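J.: Provide a 3D model corresponding to the input given below.
(one chain, ligands or ions: 1)
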Amino acid sequence: MTEPVRRALLSVSDKTGLISFATRLVSLGIELISTGGTARALTEAGLPVIEVSSVTGFPEIMDGRVKTLHPAIHGGLLGVRANADHNAAISEHGISPIGLLVVNLYPFEATVARGASWEDTIENIDVGGPAMIRAAAKNHDDVTVIIDPDDYELVAGELASGGNVTTLKTRRNLAAKAFARTASYDAAISQWFGTQSGETFGSYFATGGRRLQGLRYGENPHQQGAFYATPGQSFGIAAARQIQGKELSYNNINDTDAALECLSEFGNSEGAACVIVKHANPCGVAVGHNAVDAYRKALACDPVSAFGGIIALSRPLDADTAGEITELFTEVIIAPYADEKAVEIVARKKNLRLLLLDGKPMSGTGLAVKSVGGGLLVQTRDAMSIDGMDLRVVTKRQPTPAELADLRFAFRVAKHVKSNAIVYAKDGATVGIGAGQMSRVDSARIAARKNEDVSREAGLAHPSIRGSVVASDAFFPFPDGLLQAAEAGATAVIQPGGSMKDADVIRAADEKGLAMVFTGIRHFRH
Ligand SMILES: NC(=O)c1ncn([C@@H]2O[C@H](COP(=O)(O)O)[C@@H](O)[C@H]2O)c1NC=O
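T.: Now for the predicted structure:
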């Protein structure tokens, strides 16, 4: 039988909701113990509070590095109330049991995010807080632990209705949350140390997250899922704000992420950019004079696949673009901002999800983590851009300036298409995308065949792929893929190079009069 809470220890960096919660505790007859800043806030609010230093008989020392790390506190948290020996120790040492612990930690992740100095960052590693959280969570049979102001309401409600006792279910849930929080906190610390020392891939790897939303299901309805943000990071899909529409699904989030990552390739100087994604692959990408121009050009690549797709724009969503996008069934639109008229237009489609980044970056740095059977594959993100590559023309013919611009565009897109990736482009727009084939020749062929269908459907006299350029995410192992692209009508090629058969591939390009550029860098994406 759990004892009612008589004493609560509150030690919080984030003081959101503290006073109203503590007021409710006092009204339930619960005594408050607290550390320096928290005690000050409570006293200023007129609440009775006992300083931790009077419980420990020891002042807070070393700039607060040692304040709650004392047997009088940890004995009060860890003593098992049903254990006679523990109770004897409690009496012998004059320890007061603590039934409720409220702690949130020094803001380490936020400190790193604001680029603080080494000293400041180190001081923001909380030691006493996690020690108490772990103690209380371990002893959850007797102690309720709160690490998140969001849980104040639940606990205050249960205490009030349960005679100052919370339910075991709640205490267990809060203990699980508490251990996840300290693990996630330590993950952030260990990753930060790794990046500082250059030892990113040490013998242990820790990762953590804060739940942004539960998901109705995972990739398929029989799977469960949730979406977590990496603490301290504020970019990409996890930083986006949903303005309207149905709840995001697992696949929506995954696809929107793919769209944003691709979009992040295009700087503002390249004009407005639009990426349309279906099943994590772009099915149309373009740059244009403005958002609607970019959208039209991107859509023209594969309007059939774009049905039910994700549309990402690098410029604010305006009324023209919103009007055209809403003519087609779309799952998600994401843009940096949206003007009022555009929001109104999108609102006519109540299920259509509109997400805004509010100026936050589309992509960022850090590690990419993928789960495999029994483990995690971890790598640095593919931050290599064509702007940083040493391009080398390997054919007799040099690409024209227009071809070169399209080659650079196509290679940027190929980086975001699942391997084997082949991307045909013309005038700043994709005209054919071959994704995820086990053979590069098949990717080249599929993209060309699709373009023929699309061009016929659009009533063009010739497939628009004629006179395009082509990018390959990795080298052509043989001339066959390149010959396939030449047959489709490509006039220039960009690829990493590095195949044993490079000489044969270059010869084939020369014979067909193609210009070919080697990047020296490949962009596998699986
Ligand atoms: N050193 C300790 O014994 C210790 N005990 C609690 N803390 C932290 O001190 C913070 C609250 O401090 P204050 O009440 O002074 O604002 C909390 O984030 C809590 O996790 C500690 N600080 C760091 O380790």
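J.: against the ligand, how distant is residue 308?
T.: To the ligand, residue 308 is 46 Å away according to C-beta to the nearest ligand atom, to the nearest Å. Every residue, glycine included, has its C-beta placed from N, CA and C.
J.: next one, pLDDT for that residue please.
T.: pLDDT for residue 308: 96.
J.: same question, residue 269
T.: 80.
J.: any idea how far it lies from residue 357?
T.: 19 Å (C-beta to C-beta, to the nearest Å).
J.: look at those two and report which has more neighbours.
T.: Higher neighbour count among residue 269 and residue 357: residue 357, with 19 against 5, using other C-beta atoms under 10 Å.
J.: so what pLDDT did the more buried one get?
T.: 98.
J.: what do you get for residue 82?
T.: 93.
J.: what do you get for residue 39?
T.: With respect to pLDDT, residue 39 scores 97.
J.: again with residue 403
T.: For residue 403, pLDDT reads 98.
J.: look up phi and psi at the residue nearest to residue 106 when sequence neighbours are not counted.
T.: Distances taken as C-beta to C-beta, 6 or more residues apart in numbering put residue 126 closest to residue 106, at 4.0 Å, once the chain neighbours are dropped. Backbone torsions for residue 126, taken as degrees, to the nearest 10, come to phi -80, psi 130.
J.: and for residue 33?
T.: Dihedral pair for residue 33: phi -120, psi 140, per degrees, to the nearest 10.
J.: what does residue 193 give?
T.: Residue torsions, per degrees, to the nearest 10, at residue 193 are phi -60, psi -40.
J.: and for the one 10 residues further on?
T.: The phi and psi values for residue 203, taken as degrees, to the nearest 10, are phi -70, psi -20.
J.: and the pLDDT at it?
T.: 92.
J.: and it, how close does it get to residue 512?
T.: For residue 203 relative to residue 512 (C-beta to C-beta), the value is 52 Å.
J.: who's more crowded, those two?
T.: Neighbour count, other C-beta under 10 Å: between residue 203 and residue 512, residue 512 has more, with 19 against 5.
J.: who's in contact with that one?
T.: 482-483, 486 (C-beta atoms under 8 Å, 6 or more residues apart in numbering).
J.: also residue 378?
T.: 201, 205, 367-370.
J.: can you check residue 352 too?
T.: Here residue 352 is in contact with 244-245, 326, 330-333, 346 (criterion: C-beta under 8 Å, 6+ apart).
J.: quick one: which of the residues you listed is most hemmed in?
T.: residue 333 (29 neighbours).
J.: can you report how many residues neighbour residue 481?
T.: 27.
J.: that one should be in a helix, yeah?
T.: Yes - looking at residue 481 with DSSP: H, G, I helix; E, B strand; the rest coil, it is inside a helix.
J.: residues touching it, list them.
T.: Counting by C-beta under 8 Å, 6+ apart, residue 481 touches 422, 440-441, 443-444, 472.
J.: can we see that at 10 Å?
T.: Going by C-beta atoms under 10 Å, 6 or more residues apart in numbering, residue 481 touches 420, 422, 434, 439-445, 470, 472, 475, 493, 495, 505, 508.
J.: number of nearby residues for the closest residue to it other than its chain neighbours?
T.: Excluding its sequence neighbours, the residue lying closest to residue 481 (C-beta to C-beta, 6+ apart) is residue 440, at 4.3 Å. Applying other C-beta under 10 Å, we find 26 residues neighbouring residue 440.
J.: mind listing what residue 178 touches?
T.: 101, 103, 130, 132-134, 136-138, 140, 145-148.
J.: which SS class is it?
T.: helix.
J.: pLDDT wise, what is it at?
T.: 98.
J.: assign the residue nearest to it when sequence neighbours are not counted to helix, strand or coil.
T.: Closest residue to residue 178 apart from its sequence neighbours, by C-beta to C-beta, 6+ apart: residue 137 at 4.1 Å. For residue 137, the assignment made with three-state DSSP gives helix.
J.: looking at it, residue 137 is touching residue 131, isn't it?
T.: No - the pair residue 137 / residue 131 is not scored as a contact, 11.0 Å apart, by C-beta atoms under 10 Å.
J.: the two: who's more crowded?
T.: residue 137 (25 against 17).
J.: give the contact list for the more buried one.
T.: 77, 101, 143-145, 147, 171-172, 174-182.
J.: give me phi/psi at the residue of the chain positioned farthest from its centre?
T.: Centroid-distance maximum for the chain: residue 92 at 51.2 Å, with C-alpha atoms, centre = their mean. Dihedral angles of residue 92 (phi, psi; degrees, to the nearest 10) stand at phi -60, psi -40.
J.: residue 448 too?
T.: The phi/psi pair for residue 448 (degrees, to the nearest 10) reads phi -70, psi -40.
J.: neighbours around the nearest residue to residue 524 once chain neighbours are set aside, how many?
T.: Using C-beta to C-beta, 6+ apart and skipping residues adjacent in sequence, the residue nearest residue 524 is residue 419, 4.9 Å away. By other C-beta under 10 Å, the residues close to residue 419 number 20.
J.: same question, residue 451
T.: 26.
J.: residue 164 is in contact with residue 31, isn't it?
T.: No - judged on C-beta under 10 Å, residue 164 makes no contact with residue 31 at a distance of 11.4 Å.
J.: what residues are shared contacts of these two?
T.: Contact with both residue 164 and residue 31 is made by residues 5-6, 25, 99, according to C-beta under 10 Å, 6+ apart.
J.: and the one residue in the stretch 201-350 of the chain that gets nearest to the ligand, what pLDDT?
T.: The stretch 201-350 of the chain approaches the ligand most closely through residue 231 (14.8 Å), counting by C-beta to the nearest ligand atom. Residue 231 is assigned 85 on the pLDDT scale.
J.: what's the closest non-adjacent residue to it?
T.: In space, residue 231 is closest to residue 109, 4.0 Å off (C-beta to C-beta, 6+ apart).
J.: ok, residue 435 - contacts?
T.: 278-283, 414, 416-423, 443, 446-447, 473, 525.
J.: among the residues you listed, which lie within helices?
T.: Of the contacts of residue 435, the ones assigned to helices by DSSP state H are 414, 443, 446-447.
J.: could you list the domains of this protein?
T.: 7-197, 237-356, 387-518 (the TED database).
J.: ok, back up a step: columns pLDDT and neighbour count on top of the shared contacts of residue 164 and residue 31, output as JSON lines?
T.: Formatted as JSON lines, these follow (pLDDT from 0 to 100; neighbours: other C-beta atoms under 10 Å):
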{"residue": "5", "pLDDT": "97", "neighbour count": "25"}
{"residue": "6", "pLDDT": "97", "neighbour count": "15"}
{"residue": "25", "pLDDT": "98", "neighbour count": "24"}
{"residue": "99", "pLDDT": "98", "neighbour count": "25"}
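J.: out of those, which comes closest to residue 402?
T.: Residue 402 has its nearest neighbour among the shared contacts of residue 164 and residue 31 in residue 25, at 71.1 Å by C-beta to C-beta.
J.: wait, isn't the closest one in contact with residue 33?
T.: No - between residue 25 and residue 33 there is no contact under C-beta under 10 Å: 11.1 Å.
J.: shared neighbours, those two?
T.: 7-8, 10.
J.: what residues does the chain have near the ligand?
T.: For the chain, the residues in contact with the ligand (C-beta under 6 Å from any ligand atom) are 11-13, 35-38, 64-69, 103-106, 126-129.
J.: in strands, which of those residues appear?
T.: If you go by DSSP state E, those have 11-12, 103-104 in strands.
J.: now the helix or strand containing residue 154: buried residues?
T.: Using DSSP states H and E, residue 154 sits within helix 152-161. Judged by neighbour count using 16 or more other C-beta atoms under 10 Å, the buried positions of helix 152-161 are 152, 155-156, 158-159.
J.: likewise stretch 8-20?
T.: For stretch 8-20, by 16+ other C-beta under 10 Å, it's 8-13, 17-18.
J.: how far is that stretch from where the chain is centred?
T.: Centroid displacement of stretch 8-20 relative to its chain, using C-alpha atoms, centre = their mean, to the nearest Å, is 29 Å.
J.: adjust the sequence numbering to begin at 39 for everything that follows.
T.: Understood, numbering begins at 39; the last thing we discussed is stretch 46-58.
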